[in-house]
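Q: Sequence isn't available, so here's the structure alone:
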């Protein structure tokens, strides 16, 4: 499992339990640190998986959380 998979899994869990952006950022920091590239790849995978289905609302919320996390100061600049 790469960092993007870990980030997507973490944010999906937060979205599924109705968590907020603060909780999502804490989880993302835990699984991938301040790696903006991991969040960008996770967001791309999230978009690719979107579609009609049971997890539609969770996936949409996960995408919102990833977009929100990428706008925070923690992920505003690229760190490698």
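A: Cool, the structure landed. Fair warning: this is a prediction, and the values are worked out from it, not measured in the lab.

Q: What is the longest helix anywhere in the chain packed up against?
A: Determined from DSSP state H, the single longest helix within the chain is helix 56-71. Judged by 3 or more Cβ pairs under 8 Å, 6 or more residues apart in numbering; DSSP states H and E, helix 56-71 is in contact with helix 3-16, helix 21-32, helix 36-49. Every C-beta, even on glycine, is put in place using the N, C-alpha and C of the backbone.

Q: among the ones you listed, which is nearest residue 68?
A: Closest to residue 68 of the helices and strands packed on helix 56-71 is helix 21-32 (Cβ to Cβ; 4.5 Å).

Q: tell me the angle of that closest one relative to helix 36-49?
A: Helix 21-32 runs at 110 degrees relative to helix 36-49, counting by axes from the mean of the first three to the mean of the last three Cα atoms, to 10 degrees.

Q: Which positions in helix 21-32 come out as buried?
A: Using 16 or more other Cβ atoms under 10 Å as the test for burial, helix 21-32 gives 21, 23-25, 27-28, 31-32.

Q: List the contacts of the residue nearest the centre of the chain.
A: By Cα atoms, centre = their mean, the chain has its centre lying nearest to residue 66, at 3.8 Å. Neighbour list for residue 66: 7, 11, 24, 39, 42-43, 46 [criterion: Cβ atoms under 8 Å, 6 or more residues apart in numbering].
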